[in-house]
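*Asks:* Predicted structure and sequence below. I'll ask about it afterward.
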Amino acid sequence: MLSRQVATAGARVGAARGFSVLTAAEEFPGLPSTSPGQKKGSVTSVTTLPSGLTVVTENASLTSTVSLTFPNAGSSSEESSEAGAAIASRYLSFKSGSGLSSALIVRNIEDVGATPFSSAGRRGATVGFTAARENAAFIAPLLATQCSFEKWDVKEAQQLAAAEAAEATSNAQVSLSDQIYAAAYGAQSATGRSYYTAGASRAAIVSFYERNYILNGAVLAATGIADHEAFLRMVEEEFPSSAPGAASPERGDIYMGGEARVSAPSTGFAHVALAFEGPKSAPLMNVMKHCLNNGSAMPFAAPGIIGVYGGSEPSGASSTVDALSNAVGSAPSADIVAQAKAAAKSEALTALDSGSKSLADAMTASVLDSNGFSAKALADSYDAITADDVAKAHAAMLKSKVSLAAVGDISDVPYQATIASRFG
């Protein structure tokens, strides 16, 4: 009985609807494809404008991150009278300027659901946002707002800088980083002074900001941009079009190699770092860093320096220094170099697939390092490194004077002269 009802119903439907000669897409427009096309690879484009601003875009990201990096806006570009200006200037991002109030700038960003960010350090500063692709070009001009240094904005920036500096001083890892730079470049040099310095005056902040937050030499990186040329036209029309200011010269601080110690016995722990002058090439520096990752020490690398750090109970500080010395003193074998190359290359390429902000950071770093960017060129730069290149870089590293930083209960940490004798 049930089968006859189903058959009868099917006959009525067939008679009413008939046979369709249309495809599913024609009959039901808007249906997602059941056979999607092959995913297209990311295409990057790089252009330097007459203002001195370099614009780098890619077109495949599902969201857009637009970041504007000022390579000379870090604390290493501070004059002696401007100590603390870099950290305070970071907090002037998205503040009043170009005829717009802080509230209006923030409202425009929030209205399109964008997430703003800013950062700074010893070397450079970045301001940017992450948003839907269709909104990127609309709010990108806000990144180039020319700050008007309203009293309340500067005062707030000074307060926020002081709070961040106070928090940083209580962090042993931050203190160790500060001390290794002080040891490497001298505590009174711009690079050796701590980025986390409070108390910059309004005049110092304005002077530093106006000298270093300029488009000449800056990098504008944007992900998820379908049309590079259209984005360039927007930048040329909306970003400041005055004659480019003179780019700030790079600081000439020279690696010296020395010692910096902060005694804090109440911590009950000894933090120690050893550093040397590193190679100029970022890929070679990264491979070298992975060569030092032998389990007994934690490697680190930053522009200009490379080294290892560790920690222990106070009674084990001398043994920790021995382990750190062995980690950097042993020339890496061919097998270790091969493993380090693979790890460094994987780390660099993984960053390209870790979200639009990570990709924008990688694009910026590549442009600053080599004036261009492509995933293939990045991979090739690691493939081109040979065991001989690493051996020469390691030998050159050891020829530079070792820098020692020690923080905490460090009564048993040997002095720098004693450690230096181990490296000839």
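*Replies:* Done, it's in.
*Asks:* quick one: residue 232 from residue 221, how far?
*Replies:* Going from residue 232 to residue 221 by C-beta to C-beta, to the nearest Å gives 13 Å. Any C-beta I mention is one placed from the backbone N, CA and C, and that applies to glycine too.
*Asks:* ok, now residue 96?
*Replies:* In terms of C-beta to C-beta, residue 96 sits 25 Å off from residue 221.
*Asks:* between these two, who's got more neighbours?
*Replies:* residue 221 (31 against 19; other C-beta atoms under 10 Å).
*Asks:* May I have the strands that pair with the one helix or strand that one maps to, each with its orientation?
*Replies:* Taking DSSP states H and E as the definition, one finds residue 221 inside strand 219-222. Paired with strand 219-222 in the same sheet, following DSSP bridges, are strand 54-58 (parallel), strand 63-70 (antiparallel).
*Asks:* and these as CSV, adding mean neighbour count, distance to residue 106 and mean pLDDT?
*Replies:* Shown next, in CSV, are these (neighbours: other C-beta atoms under 10 Å; distance: least, C-beta to C-beta, whole Å; pLDDT from 0 to 100):
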stretch, mean neighbour count, distance to residue 106, mean pLDDT
strand 54-58, 24, 25, 96
strand 63-70, 24, 16, 96
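*Asks:* Could you dump the ones you listed into CSV with distance to residue 147 added?
*Replies:* Formatted as CSV, those follow (distance: least, C-beta to C-beta, whole Å):
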stretch, distance to residue 147
strand 54-58, 22
strand 63-70, 12
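*Asks:* just so I know, which of those strands lies nearest residue 158?
*Replies:* strand 63-70 (19.8 Å; C-beta to C-beta).
*Asks:* centre of the chain versus the closest one, how much separation?
*Replies:* 11 Å (C-alpha atoms, centre = their mean, to the nearest Å).
*Asks:* Please shift the residue numbers so they start at 205 in all later answers.
*Replies:* Shifting the count to begin at 205 puts that one at strand 267-274.
*Asks:* which outside residues touch that strand?
*Replies:* 328-337, 339-340, 344, 347-348, 416-418, 421-429, 559-561, 563-565, 568, 572 (C-beta atoms under 8 Å, 6 or more residues apart in numbering).
*Asks:* Name the spans of the stretch 505-628 of the chain whose pLDDT lies under the cut-off.
*Replies:* Within the stretch 505-628 of the chain, no stretch has pLDDT under 70.
*Asks:* all helices for it, in order.
*Replies:* Along the stretch 505-628 of the chain, counting by DSSP state H, counting those that start in this stretch, helices occupy 521-533, 538-556, 560-574, 579-587, 591-603, 620-624.
*Asks:* Tell me the helices and strands packed up against the shortest one.
*Replies:* This points to helix 620-624. Contact analysis of helix 620-624 by 3 or more C-beta pairs under 8 Å, 6 or more residues apart in numbering; DSSP states H and E lists strand 607-612 as its packing neighbours.
*Asks:* contact partners of the strand it packs on?
*Replies:* With C-beta under 8 Å, 6+ apart as the test, strand 607-612 has contacts from 376, 379-380, 383-384, 386-388, 461-469, 471-480, 509, 511, 515, 518, 521, 617, 619-620, 623.
*Asks:* same thing but at 6 Å, please
*Replies:* 376, 379-380, 383-384, 387-388, 461, 463-466, 468, 471, 473-477, 479, 617, 620, 623 (C-beta atoms under 6 Å, 6 or more residues apart in numbering).
*Asks:* In PyMOL, select just the buried ones from these.
*Replies:* In PyMOL, this line selects whichever of the contacts of strand 607-612 come out buried by 16 or more other C-beta atoms under 10 Å:
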select buried, resi 379+380+383+384+387+388+461+463+464+465+466+474+475+476+477+479+617+620+623
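*Asks:* For the stretch 205-354 of the chain, just list every one of the helices.
*Replies:* 206-221, 228-231, 289-294, 306-315, 340-343.
*Asks:* now the helices of the stretch 505-628 of the chain as a markdown table including distance to residue 304?
*Replies:* Formatted as a markdown table, the helices of the stretch 505-628 of the chain follow (distance: least, C-beta to C-beta, whole Å):
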| stretch | distance to residue 304 |
| --- | --- |
| helix 521-533 | 51 |
| helix 538-556 | 34 |
| helix 560-574 | 24 |
| helix 579-587 | 37 |
| helix 591-603 | 48 |
| helix 620-624 | 52 |
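*Asks:* Could you look over those and pick the most buried one?
*Replies:* When the helices of the stretch 505-628 of the chain are scored by mean count of other C-beta atoms under 10 Å, the highest mean neighbour count falls to helix 560-574 (a mean of 21).
*Asks:* Residues contacting it, please?
*Replies:* Under C-beta under 6 Å, 6+ apart, the answer for helix 560-574 is 258, 260, 265, 267, 269, 271, 273, 275, 334, 423, 425, 427, 486, 555-556, 577.
*Asks:* Which pair of these spans the longest distance?
*Replies:* 267 and 486 (26.2 Å).
*Asks:* Show me what the residue nearest to residue 619 when sequence neighbours are not counted bridges to in the sheet.
*Replies:* Distance criterion C-beta to C-beta, 6 or more residues apart in numbering; nearest residue to residue 619, sequence neighbours excluded, is residue 463 at 6.7 Å. Using DSSP bridges, the bridge partners assigned to residue 463 are residue 608.
*Asks:* Is residue 463 in contact with residue 620, as I believe?
*Replies:* Yes. At 3.7 Å, residue 463 and residue 620 qualify as touching, with contact defined as C-beta atoms under 6 Å.
*Asks:* Please report how far the residue minimising distance to the centre of the chain lies from residue 552.
*Replies:* By C-alpha atoms, centre = their mean, the chain has its centre lying nearest to residue 565, at 5.2 Å. For residue 565, the distance to residue 552 (C-beta to C-beta) stands at 11 Å.
*Asks:* ok, residue 496 - contacts?
*Replies:* 503, 512, 531.
*Asks:* mind checking which of the helices of the stretch 505-628 of the chain is nearest residue 282?
*Replies:* That would be helix 560-574 among those, by C-beta to C-beta, at 19.5 Å.
*Asks:* okay, the angle between that closest one and helix 579-587?
*Replies:* 60 degrees (axes from the mean of the first three to the mean of the last three C-alpha atoms, to 10 degrees).
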